[in-house]
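Participant: need coordinates for the following:
(chains A, B, C and D)
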Protein chains: 2
Amino acid sequence: MKSQLSSSTEDYVKTIYAFTEWQDAPITSSQLAARLGVANSSVSEMVRKLKDLGLVDHRPYGAVRLTEEGRRVALTMVRRHRLLETFLVNELGYSWDEVHVEAELLEHAVSDLFVERLAAKLGDPSRDPHGDPIPTAEGAVPRIDAHRLSELDPGHAGRITRISDENPDLLRYLAQERIFLDTDVTVVRRKPFGGPLVVRIDEGGGSRDFDVADEVADAVWVRSGPAHPGCTLEPGT
Amino acid sequence: MKSQLSSSTEDYVKTIYAFTEWQDAPITSSQLAARLGVANSSVSEMVRKLKDLGLVDHRPYGAVRLTEEGRRVALTMVRRHRLLETFLVNELGYSWDEVHVEAELLEHAVSDLFVERLAAKLGDPSRDPHGDPIPTAEGAVPRIDAHRLSELDPGHAGRITRISDENPDLLRYLAQERIFLDTDVTVVRRKPFGGPLVVRIDEGGGSRDFDVADEVADAVWVRSGPAHPGCTLEPGT
DNA sequence: CATAAGTTTTCGGTATGCCTAAATACTACG
DNA sequence: CGTAGTATTTAGGCATACCGAAAACTTATG
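Facilitator: Predicted structure coming up:
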C-alpha cells in the first residue's frame, strides 16, 4: 500500500495540501512552482508523476487537487512536521522561529514508529507551538475556530490561537513586540487610506495599542469572539 | 568550508571510517562496495568524487584512506549516529536492536544545532547504548580499553563494555540470553575442533556457562582484566 | 471573435548515483 | 616469469529531479 515516496513527492503533496488548509481555491501549477522554488516545467513533470501515483487529480491546464490518498499522505507529513516542531520547542529548547526549517528536513527522515513514540512522549498534543492543529494518526484534523486578524472588523475581540510559521522573521518580530499565542487582542480601527490595523492588547496591568502591518494581520489568527470591545472569550485549554 | 555533502557521500565516508575503527588495514574498493550494498563500479566512481572533494586519498587499484578532512566528516557522522541512538533508547523507549536503522536515516537530516542541543539534553554522554564511544564535537574519540571476546584466551575475565550494533538479530539474541553491557564474563575454554568459545557469566546468585558462536565472539568486546578466573574488574562508571 | 497576453506543457539537457558488461591492471601460482 | 584468476576501472545506460527555451493552450480585451 505504501511504496515509499521520495522527499520531493512528499514536499509537493504537502505544499498542495497547505495551500487549501486555510482557504478553498485549489492551487495552480505556477503557484505550486513559486512555493516550491522550482521552475514551472518541473511542476508539470512532477504533477504527471503524482497523478500516476494516484495522489492528485489533474487535467492539462487545470488546477491540482489532492485525491483522498494524496490527502492522507499530506496529513501524515503535516502531523510529522508539527510534532517535530513541538518536540524541538518543548524538549530541545528551540525558539518558535527556529523550528520550521529543521522540521522540514527531519520530516522526510523519521519513521512512523518514531513519530508515534514521539507523539506519546509529548502527550499526544493537538496543537504545535504556533497553534497549528496536529492531525491525528488516523487523519482527523482538530477543528480550529479562528479567523485571520485581517478579516476581523473593528470591535472584534479574541485571543490569538494561531500564528503562521512560514516567516521566521515575522515570528521574531512578534516575539520582540511581546505578541504570542494566547495573547488577548481587540481590533480598534483601521487607520485611514488603507493604513495598518490597530489592535488593543490586554496585558497584565494595562493595555497598549499596536499597529498591525498587513502581512502580520494575515499571519495572525484570532479565536472568534463577541463583537464588543472589552469582552474577551473564556480561556481555552 | 562546508559545502553540504550528499547523504551518499556521508555514507561512504562513514563506512570507510568504520572499517578502521576497530582494526588497522585500510578498506579496499570491493569491501566498501559490499558494505554499502552497491556495485564495485559505483564505488570507483564515487571514490573519484570523494578524492576530488579532498575527503580520501586513493591511487588507482589501491586501498581507500580518509584524509584529515574526511576523518573529521566521519567523526561528525559517527557522533550524530551514536547520539541519535542514545536518544532513541533513553528518551523514546526504543530497544537497542531497533535503533541502528532509524539512526542511519536521521543522521543525514539533523543539523549541527540539533545535534548539540540533543547532546546537551542527554548530558553529553560518552558512550551509546551499545557501548560505542561518542566522539566529541571537537573530534576527540573517548578511549575504549577493550578487546573482542574472540581474541581472549581462556582465563581472561572482564566486563562487557561494547557490543557491535550492526546486526539487530544478534542483539535480540543476546538480550534473550540475558547478555548485556556491563555483564561480567570469564573465558572458560574453547570447545575442541574449532567449536564455540565457552564463557562463564557471573550473575546475581550464581553463574552459568554460555556457548559463544564465532559471530557473537567477534561482536562482543570485553574490558581487559586480570588473567585469573574469578577475579573480576572494578565496576566502571 | 480574433488576437494579444499570460499560463502550462513539451522538448532537449544537466547532475547524481546507481547498474551491467567489457576492458584493464594487479597477483599469485605453476 | 608468464598466465589464470581476481580486483578494479571504464563505458554505456537508467531513474530522479531539476533547468531554460519553445510550442501549445486559455483567457482576457478591443
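Participant: can you list the buried residues in the host helix or strand of A:V47?
Facilitator: Element membership for A:V47 (DSSP states H and E) is helix A:40-52. Residues A:S42, A:V43, A:M46, A:V47, A:L50, A:K51 are the ones in helix A:40-52 that count as buried (16 or more other C-beta atoms under 10 Å in any protein chain shown). Any C-beta I mention is one placed from the backbone N, CA and C, and that applies to glycine too.
Participant: A:A34 is in contact with the second one, correct?
Facilitator: No - taking C-beta atoms under 8 Å as the contact criterion, A:V43 and A:A34 are not neighbours in contact, 9.5 Å apart.
Participant: relative to helix A:40-52, how tilted is the longest helix seen in chain A?
Facilitator: Scanning chain A for the longest helix, with DSSP state H as the assignment, gives helix A:68-90. Helix A:68-90 runs at 110 degrees relative to helix A:40-52, counting by axes from the mean of the first three to the mean of the last three C-alpha atoms, to 10 degrees.
Participant: would you mind writing the CA trace of helix A:68-90 as CSV?
Facilitator: Written as CSV, here are the backbone C-alpha positions of helix A:68-90 (Å, rounded to 0.1, in the frame of the first residue of the first chain):
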residue,chain,number,x,y,z
GLU,A,68,-8.2,11.0,-0.9
GLU,A,69,-4.9,9.1,-0.9
GLY,A,70,-3.0,12.3,-1.5
ARG,A,71,-4.7,13.9,1.4
ARG,A,72,-3.9,11.0,3.6
VAL,A,73,-0.2,11.3,2.7
ALA,A,74,-0.3,15.1,3.2
LEU,A,75,-1.8,14.7,6.6
THR,A,76,0.9,12.3,7.6
MET,A,77,3.5,14.8,6.6
VAL,A,78,1.8,17.7,8.4
ARG,A,79,1.5,15.5,11.5
ARG,A,80,5.2,14.8,11.4
HIS,A,81,6.1,18.4,10.8
ARG,A,82,4.0,19.7,13.7
LEU,A,83,5.0,17.0,16.1
LEU,A,84,8.6,17.6,15.3
GLU,A,85,8.2,21.4,15.8
THR,A,86,6.6,20.7,19.2
PHE,A,87,9.5,18.4,20.1
LEU,A,88,12.1,20.9,19.1
VAL,A,89,10.5,23.6,21.2
ASN,A,90,9.4,21.6,24.2
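Participant: quick check: mean pLDDT across the helix holding A:V47?
Facilitator: For helix A:40-52, the mean per-residue pLDDT is 98.
Participant: for that helix, the distance to its chain's centre please.
Facilitator: 25 Å (C-alpha atoms, centre = their mean, to the nearest Å).
Participant: what's that helix in contact with?
Facilitator: Here helix A:40-52 makes contact (C-beta atoms under 8 Å, 6 or more residues apart in numbering or on different chains) with A:8-9, A:12-13, A:29-30, A:32-33, A:36, A:56-58, A:64, A:70.
Participant: what do you get if the cut-off is 6 Å, keeping everything else the same?
Facilitator: A:Y12, A:S29, A:S30, A:L32, A:A33, A:V56, A:H58, A:V64 (C-beta atoms under 6 Å, 6 or more residues apart in numbering or on different chains).
Participant: ok, stretch A:71-89 next?
Facilitator: Stretch A:71-89 has contacts (C-beta under 6 Å, 6+ apart) with A:10, A:13-14, A:17, A:94, A:99, A:102-103, A:106-107, A:115, A:118-119, A:122, A:125, A:128-129, A:132, A:134-135, A:139.
Participant: mark which of those are part of strands, please.
Facilitator: In strands, defined here by DSSP state E, there are no members of the contacts of stretch A:71-89.
Participant: can I get the buried part of these as one PyMOL selection?
Facilitator: Only the buried entries of the contacts of stretch A:71-89 go into this PyMOL selection, using 16+ other C-beta under 10 Å:
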select buried, chain A and resi 10+13+14+17+94+99+102+103+106+107+115+118+119+125+128+129+132+134+135
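Participant: so which bits of chain A are right by DNA strand D?
Facilitator: A:6-9, A:36-42, A:45-46, A:49, A:60-61 (C-beta under 7 Å from any atom of the strand).
Participant: show me how chain A divides into domains.
Facilitator: Domain assignment of chain A by automatic domain parsing yields the ranges A:7-66, A:76-144, A:146-223.
Participant: the last one close to chain B?
Facilitator: No - where contact is defined by C-beta under 6 Å from any C-beta of the partner chain, no part of domain A:146-223 touches chain B; the two come within 13.7 Å at best.
Participant: distance-wise, check A:S30 relative to DNA strand C.
Facilitator: A:S30 is 3 Å from DNA strand C, where distance means C-beta to the nearest atom of the strand, to the nearest Å.
Participant: that residue: what secondary structure?
Facilitator: Here A:S30 is recorded as helix under DSSP: H, G, I helix; E, B strand; the rest coil.
Participant: picking that back up, also near DNA strand C: which of the residues of chain A next to DNA strand D, exactly?
Facilitator: Okay, of those touching DNA strand C (C-beta under 7 Å from any atom of the strand), that's A:N40, A:S41, A:E45, A:P60, A:Y61.
Participant: CSV please, covering those residues and showing distance to A:G206.
Facilitator: Formatted as CSV, these follow (distance: C-beta to C-beta, whole Å):
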residue, distance to A:G206
A:N40, 52
A:S41, 56
A:E45, 57
A:P60, 59
A:Y61, 56
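Participant: can you tell me which of these is nearest DNA strand D?
Facilitator: DNA strand D lies nearest to A:S41 out of these, by C-beta to the nearest atom of the strand, at 3.0 Å.
Participant: end to end on stretch A:126-143, go ahead and measure it.
Facilitator: In stretch A:126-143, first residue to last residue: 10 Å (C-alpha to C-alpha, to the nearest Å).
Participant: also stretch A:210-220?
Facilitator: Length of stretch A:210-220, first residue to last, C-alpha to C-alpha: 13 Å.
Participant: tell me the buried residues in that stretch?
Facilitator: A:F210, A:V212, A:V216, A:A217, A:D218, A:A219, A:V220.
Participant: who's in contact with that stretch?
Facilitator: So stretch A:210-220 is contacted by A:R148, A:L149, A:S150, A:I160, A:I163, A:S164, A:L170, A:P196, A:L197, A:V198, A:V199, A:I201 (C-beta under 6 Å, 6+ apart).
Participant: closest one of the residues you listed to A:T186?
Facilitator: Nearest to A:T186 among the contacts of stretch A:210-220 is A:V199, at 6.4 Å by C-beta to C-beta.
Participant: how far does the helix or strand harbouring that closest one sit from its chain's centre?
Facilitator: Element membership for A:V199 (DSSP H and E) is strand A:197-203. Put simply, strand A:197-203 sits 23 Å off its chain's centre (C-alpha atoms, centre = their mean).
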